[in-house]
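Asker: Just to be clear, the model below is a prediction. Sequence and coordinates:
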Amino acid sequence: MVDDDLVVRKTVALLLGRTGYRVACAPDGEAGWTALCTERFDLLITDQEMPGLTGLELLRRLRAGLPFLPAIMISGFVPSSEPDLRSLLWPGAVIEKPFSFAVLLARVRELLSPRMAASAIVLADHQLVFNQLRPPIVLNGTPAPNTAPPGRAPRERTR
């Protein structure tokens, strides 16, 4: 849970903890990024408007390294004009403040469900195939670097 508002951070952590989830908290985007780099998480919940590293910037870093980790952005200001918001929040969701805990809990359960995890793996495999088959992008006669998120290597089949 990454939020610069201590009350929101502690309340969400307490309520999710009471429903059986273990929650780590970070007071800002940089601290959240450090935690993401050093620990293993199943889900990121972040505010958007924070001093320093915003939630959107944190999501950009996250997607560069962990493209399939579910994320929830909670914010009173959702940057809907950002062209890459949809891809940054897949898999994930946006919840506008003020929000009810029931709505947040439903999204957390949905994103951590086995069905959602399986769809992320399937889409990861399709993304890998798509990236291998698509022609290179050419801008003004110069091939553009591949900006697609890194694919996931296919799993070896075992019997």
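Answerer: Everything's here; your move.

Asker: mind listing what Ala93 touches?
Answerer: The contact partners of Ala93, taken as Cβ atoms under 8 Å, 6 or more residues apart in numbering, are 72-73, 107, 110-111. The C-beta positions use only the backbone N, C-alpha and C, and glycine is treated the same way.

Asker: That one bridge partners, please.
Answerer: Beta-bridge partners recorded for Ala93 (DSSP bridges): Ile72.

Asker: By neighbour count, which of the contacts of Ala93 wins?
Answerer: Met73 (25 neighbours; other Cβ atoms under 10 Å).

Asker: quick one: it and Trp90 touch, right?
Answerer: No - with contact defined as Cβ atoms under 8 Å, Met73 does not reach Trp90; the gap is 11.8 Å.

Asker: The nearest residue to Leu59 once chain neighbours are set aside: neighbouring residues, count only.
Answerer: Closest residue to Leu59 apart from its sequence neighbours, by Cβ to Cβ, 6 or more residues apart in numbering: Leu88 at 4.3 Å. The number of residues packed near Leu88 is 20, by other Cβ under 10 Å.
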